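> Sequence plus predicted model, see below.
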There are 2 protein chains.
Amino acid sequence: LPMTARKGLSEELSLIVGSGHVVTATTAFDEYRKDMADYEAAPVAVVRPGTEGEIARILKVAARRRIPVVPRGAGTSLTGAVVLEGGIVIDMQRFNRTLKVDPVNWYVQVEAGVVLDDLNEGLREHGFFFPPDPASSFICTVGGAIAEGSGGMRCVRYGTMRDWVLALRVVLPNGRVATFGEPLAKNRVGYDLVHLMIGSEGTLGIVTEAHLKILPLPTVPIVRMLVTFDDWPSAGRAIQELRRRQITANLMEFMDLETVKAVNAAFQTTFEEAESTLLVDLEEVIVPSAEEVFRAHGARTFTRASDEEEAERFYSVRSHAYLAIKGLATGVQVEDVTVPIDRLAEYLGLVKEIGGRLGLRIPTLGHAGDGNVHPTILFDRADPAGRAAATAATQELCRYAIRVGGTVTGEHGVGVQKAGLMREQMEAHGATESLRLMKGIKRLFDPKGVMNPRKYVELA
Amino acid sequence: LPMTARKGLSEELSLIVGSGHVVTATTAFDEYRKDMADYEAAPVAVVRPGTEGEIARILKVAARRRIPVVPRGAGTSLTGAVVLEGGIVIDMQRFNRTLKVDPVNWYVQVEAGVVLDDLNEGLREHGFFFPPDPASSFICTVGGAIAEGSGGMRCVRYGTMRDWVLALRVVLPNGRVATFGEPLAKNRVGYDLVHLMIGSEGTLGIVTEAHLKILPLPTVPIVRMLVTFDDWPSAGRAIQELRRRQITANLMEFMDLETVKAVNAAFQTTFEEAESTLLVDLEEVIVPSAEEVFRAHGARTFTRASDEEEAERFYSVRSHAYLAIKGLATGVQVEDVTVPIDRLAEYLGLVKEIGGRLGLRIPTLGHAGDGNVHPTILFDRADPAGRAAATAATQELCRYAIRVGGTVTGEHGVGVQKAGLMREQMEAHGATESLRLMKGIKRLFDPKGVMNPRKYVELA
């Protein structure tokens, strides 16, 4: 955009939101160029509306000037979904109020810019919690988690965002506001538009407000433990056997040797450095039967957290892992394949094998209880061969997933990163017609192509 | 359709499925004219395909002859969704196989014509169950329950069909077969088409197969009891207070005096005849605190089932209720409003008051724990004034629900019965744009208007 047009746009946006809410300072502006995986694209304007009416007016300006828009929570996408070349970034941070905690209907009514951890802190006072807990929950927002259909560590028991949204307020690309769904235990009015928005990655409209289901804080005693193994597949086989025996964990996280080493080095901790480690939460009554399964699959050590403080410390080895790993290389690609749980051991073996064969370091961690771990492929950004090997590893993992009935993305989404692999998966799994329908839905919601265009479903 | 065209159609369909699978005998054919609430419409043909390929060929014949189609499970719709004037009924009963019970991934892969109770009988051998349990579960099918987004008694703990479908195979109106979703714990590939199908009432496509989530059979001890009250709102207030105290029931069913009397008369039972009765399942450990709440709200008697057999007997008072009530009048209209749970007592009071004011008998029963009871309005089919009063009562209940943030249908759906009231609700709740999008989705999936046309979203 030429400088004068850019200035005109900035002035027009200022008239809508006030000049204090149009970001112009270069350093602040630059923060909107990247997502958390360093996908990069330069916006032409960044604006922070405070009302739905302002969003509607911004969309009208965008339509008239033929400039696309992308809504943004905390920008923690890992797939390029939230950066948009030449677009207007609509930063939702001013939509930051929790409007209602309803202790009878068990929902919270909340604006899109509320940070997930803040939401849970507020809920705790009322004796409730909101289950989905992506690793970025300390900064990521309700709106972003809806747009990305986020998961997290508690999913193994409670499912993902898909299972926790009752109703939404959405500013549509035409500038009109619509409600989707009802904040009720049951509702059969109309097609399910709520679930169309969950995981739509900013391509269909802008969520301003949500009614989310909440649950009473658990009261049953939970035991947290670290369980170590001499190889990766044994941990996977133990998890498969737990499912077969109908033993449900509240947390079932995998970490390999390199991950634990990285955490120990970065945070001066002294966690046991085994070939693989599981971080496990179990209801106390089922601990003995779970331990039996772990032992039968070669578990080397069990360490139970003796108190709340130690339980927190155990948790931190996993929650700090990505930060620790990110420091290991200039290039870090977090993979997100999910496989059927009965393929978990095989999949873990494959990750290990690919790393060796392609000469890549792939520290691996994640939600093994869901068949969803994150092989984190390290490479040197300055070395084209390294980058090519990382891409080859990703493609091999994704194509394995497609072959065995898994998915190329379990929680990080598609963005620009995996549009091609998504198409491969859909074609292989008999969903070619579904892709056609998805493109039709995109056109129906956004006929002028204003919302986060040339990505995801459209790009596939 | 003229007789010769009808004969031509019948012959053409016979070529596709074999003459044994085209229903021509008048008595058998007549069974497809009605749904369970006696909505009536005469089809031109009834056909029972055995494969997706046959369905595709039937759709092509329908498109060429410009005859609409409607898929049918057991025909237990209560809203006219499954009867179609001048249409081809595609009876899905031959899609009756359970293809796979997966004890590690916790899903069942099942064809659309499988009866829900049969499904659960099969799952029990593997130690699993499928939670949604509409009252018609002894005949209703997986495909019908998906099309209707069905609920049931266990919803108070486990939610409705919306919470239990992972993936679908669908024959689209263009005759092509598509898969929606993936049978995985997590999947972020593409927009959520699975949930678009749940509750779409046969207007978007024909589900042939589903992957449904399953759960291990519960192992914690459950207490079943009957709790009686001297009026209706007290039962409602007790339920509201249980929610406020975070006490979750596994079953929380309401029955009024007339309902219990009807059951006692029809089935020669001797259940206590109180103004209102709750049928309650609770985990044993929480029974004392629940009893405390019931007593504080004026509960008159508690009767705990002493063994499995008595528990079954208690259950039957509720499960037989609709059959018993249906015999009380020539006209029976089952209402389906759902209100926010904190409005339950007020709503129950209103139902009672309307019955008195309009001179109607309205036996009332249902899923009070979800804010979803079924006032069952009795009238004399031969008496126009009685029918008018029944309609007036329905409208008053629905408009009350709309006013307090409830819904005109919690589980029975829209069909032709509630298209107008659905529009009223959507307009009142800020969802006018949503209705426009829904009509667009209908056109996108079914541009030629072949699938169960002029109903539901389209009619609103």
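Perfect, thanks for sending it.

> near chain B, which residues of the stretch 251-400 of chain A?
Residues of the stretch 251-400 of chain A found near chain B (CB under 8 Å from any CB of the partner chain) are A:336, A:338-342, A:367, A:370-372. The way it works is simple: take the backbone N, C-alpha and C, and place the C-beta from them, glycine included.

> Could I get the buried residue list for the helix or strand of chain A with the lowest mean pLDDT?
Across the helices and strands of chain A, mean pLDDT, DSSP states H and E gives its lowest value to helix A:26-30, namely a mean of 89. For helix A:26-30, the neighbour count (16 or more other CB atoms under 10 Å in any protein chain shown) marks residue A:29 as buried.

> which residues are contacting it?
Outside of helix A:26-30, the residues within contact range by CB atoms under 8 Å, 6 or more residues apart in numbering or on different chains are A:23, A:43, A:46.

> Tell me the first helix or strand C-terminal of that helix.
Heading C-terminal from helix A:26-30, the first helix or strand you meet, by DSSP states H and E, is strand A:45-47.

> re earlier: from the chain's centre, how far out does the least confident helix or strand of chain A sit?
The chain centre lies 25 Å from the centre of helix A:26-30; the measure is CA atoms, centre = their mean, to the nearest Å.

> same thing with stretch A:8-24?
On CA atoms, centre = their mean, the centre of stretch A:8-24 falls 31 Å from the chain's centre.

> can you give me the end-to-end distance of that stretch?
End-to-end span of stretch A:8-24 (CA to CA, to the nearest Å): 13 Å.

> neighbouring contacts of that stretch?
Contacts for stretch A:8-24 (CB under 8 Å, 6+ apart): A:1, A:29, A:32, A:44-50, A:54, A:57-58, A:61, A:65, A:67, A:88, A:91, A:94.

> Whichever of these end up buried, select them in PyMOL.
Remark: buried members of the contacts of stretch A:8-24, expressed as a PyMOL selection using 16+ other CB under 10 Å:
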select buried, chain A and resi 29+32+44+45+46+47+48+49+54+57+58+61+67+88+91+94
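
> Residue A:360 is in contact with residue A:328, correct?
No. Applying CB atoms under 8 Å, one finds residue A:328 not in contact with residue A:360, separated by 11.9 Å.

> Mutual contacts of these two, please.
Counting by CB under 8 Å, 6+ apart, the residues touching both residue A:328 and residue A:360 are residue A:378.

> which stretches of the stretch 151-300 of chain A form helices?
Listed in chain order, the helices of the stretch 151-300 of chain A (DSSP state H, counting those that start in this stretch) span A:155-158, A:193-197, A:232-244, A:257-267, A:287-296.

> ok, the spatially closest residue to residue A:270 that is not a sequence neighbour - contacts?
Leaving aside its sequence neighbours, residue A:270 sits nearest to residue A:264 (CB to CB, 6 or more residues apart in numbering or on different chains; 6.4 Å). Contact analysis of residue A:264 by CB under 8 Å, 6+ apart lists A:270-271, A:273.

> Of these, which is the nearest to residue A:84?
residue A:271 (40.2 Å; CB to CB).

> Just want to check the distance between the closest one and residue B:294.
50 Å (CB to CB, to the nearest Å).

> Likewise for residue A:440?
Distance from residue A:440 to residue B:294, by CB to CB: 52 Å.

> and these two? which has more neighbours close in?
residue B:294 (24 against 17; other CB atoms under 10 Å in any protein chain shown).

> wait, that one sits on residue B:238?
Yes. Residue B:294 lies in contact with residue B:238 (CB under 8 Å); the separation is 5.3 Å.

> between these two, what contacts are shared?
Both residue B:294 and residue B:238 are contacted by B:227, B:278, under the criterion CB under 8 Å, 6+ apart.

> highest average neighbour count across the helices of the stretch 151-300 of chain A?
Highest mean neighbour count of these: helix A:193-197, a mean of 25 (counted as mean count of other CB atoms under 10 Å in any protein chain shown).

> what's that one packed up against?
For helix A:193-197, the contact count by 3 or more CB pairs under 8 Å, 6 or more residues apart in numbering or on different chains; DSSP states H and E identifies strand A:165-171, strand A:177-181, helix B:193-197, helix B:432-445 as packing neighbours.

> So what are the sheet partners of the second one and their directions?
Next to strand A:177-181 in the sheet, as set by DSSP bridges, lie strand A:165-171 (antiparallel).

> Thank you kindly, that will do.
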